[in-house]
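# predicted structure and sequence below. I'll ask about it afterward.
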Amino acid sequence: MKNKRYFPMFIDLSDKKIVVVGGGNVAIDAARISSRCTDAKISMFCLETREKMPASDEEIEEALEEGIELNCGWGPKEVLEENGHVSGVVFKKCTRVFDAQGRFSPEYDENDTVTIPCRHVIFSVGQAIDWGHMLDNLHVELRPNGGALANKPTYQTSEDALTYQTAEPDIFVGGDVYTGPKFAIDAIAAGREGAISLHRYVHEHCTLTIGRNRRDFIELDKENIKVETYDSSSRQIPPKADVKEQAKTFRDLSQSLTEEQVKKETSRCLSCGASVVDPNKCIGCGVCTTKCMFDAIHLHREIPGASIMRASEDKLKYILPNMVKQSIKVKFKKKK
């Protein structure tokens, strides 16, 4: 038996079978941590199929290598109890996870069930939103799942706006309470955009939308493209740690990229020809066009008659006369 080890909650997991419910990266982490605390079997159950699991392929592979059992297409129906302790979990077959519109709406076959004996159950299936009395007497509208609605059309915004403003004008939302369960970086991005909206809102006569990056990207049609100079080199993967050694410790024994891999990784360029320019900050200096070795960035004038562009090689003969003219004006300008 392994040395007696505990979760941070000081629950003794030694030689006690554990069931983890969930299919994301956090569920994988919970299962792998549990395997380091007991010699007993660790079983994972999730609604999604193996191909649709939200966890990354790398995490799933590492969990399987460490002997964790993965059961896809099952949802919890009932937690069994005996003498005040968990004795098992009843799972029912999940026949559908998302509806035709892509919304989370699982369906089950109530007659197709399986009972898994265990002593501990770890749920890693997300959290519900509990607003309490925070929104009492306010106009904030909620979705059926409890998330707040935002970006509805108003006199200042349209449906595709990125203001995060609710129906209560001075309340802005972001993160999981708006999008549902997503990554931390999505919540951080929403917080940044929400802060910009707040800053604009408190300034009188300031619009919430002008100058905002709507991130309207058109996906490349990979089925209708002629590839000639595309750099097809794959992403470099660092050498894996020994599976048996990694399973014994909480430390990450993964190795770093080799020198040769670093050279290959840093030299990769997709040469996609795409660039994103903030029109509110770009002054049209053209320096960026000289820095890309693949000639992916180009400048063009949307209103040619509004300015006169000169070649960089000819700039001095236009700049010098103006410099002399301005210097003379400054020198002999009459003092008031």
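Perfect, I can see it now.

# buried ones in the helix-or-strand element of the chain with minimal mean pLDDT?
The weakest-scoring helix or strand in the chain, judged by mean pLDDT, DSSP states H and E, is helix 287-291 (a mean of 80). For helix 287-291, burial by neighbour count (16 or more other CB atoms under 10 Å) applies to no residue. All C-beta atoms are positioned from the backbone trio N, CA, C, and that covers glycine.

# check stretch 93-111 too.
Within stretch 93-111, the residues that qualify as buried by neighbour count (16+ other CB under 10 Å) are 93-94, 97, 108.

# and the strands in this structure?
Ranges of strands within the chain are 18-21, 42-46, 69-72, 74-82, 85-98, 104-117, 120-123, based on DSSP state E.

# on that earlier part again, just the buried residues of stretch 93-111 now: which is nearest residue 81?
residue 108 (21.7 Å; CB to CB).

# circling back: out of the buried residues of stretch 93-111, the closest to residue 311 would be?
Set against residue 311, the nearest of the buried residues of stretch 93-111 by CB to CB is residue 97 (58.9 Å).

# flag the shaky bits of the stretch 51-200 of the chain, pLDDT-wise.
Per-residue confidence for the stretch 51-200 of the chain (pLDDT under 70) gives these ranges: 152-161.

# residues contacting the least confident helix or strand of the chain, please?
Helix 287-291 has contacts (CB atoms under 8 Å, 6 or more residues apart in numbering) with 275, 277, 295, 297-299.

# is there a quick PyMOL command that grabs whichever of these are buried?
Restricted to buried positions by 16+ other CB under 10 Å, the PyMOL selection for the contacts of helix 287-291 reads:
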select buried, resi 297
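
# quick check, nearest of the contacts of helix 287-291 to residue 24?
Taking CB to CB as the measure, residue 24 sits nearest to residue 275 out of the contacts of helix 287-291, at 33.6 Å.

# what about the nearest residue to residue 191 once chain neighbours are set aside, neighbour count?
Nearest in space to residue 191, with sequence neighbours left out and distances taken as CB to CB, 6 or more residues apart in numbering, is residue 174 at 5.3 Å. Here the neighbour count serves as a burial measure; for residue 174 (other CB atoms under 10 Å) it reads 21.
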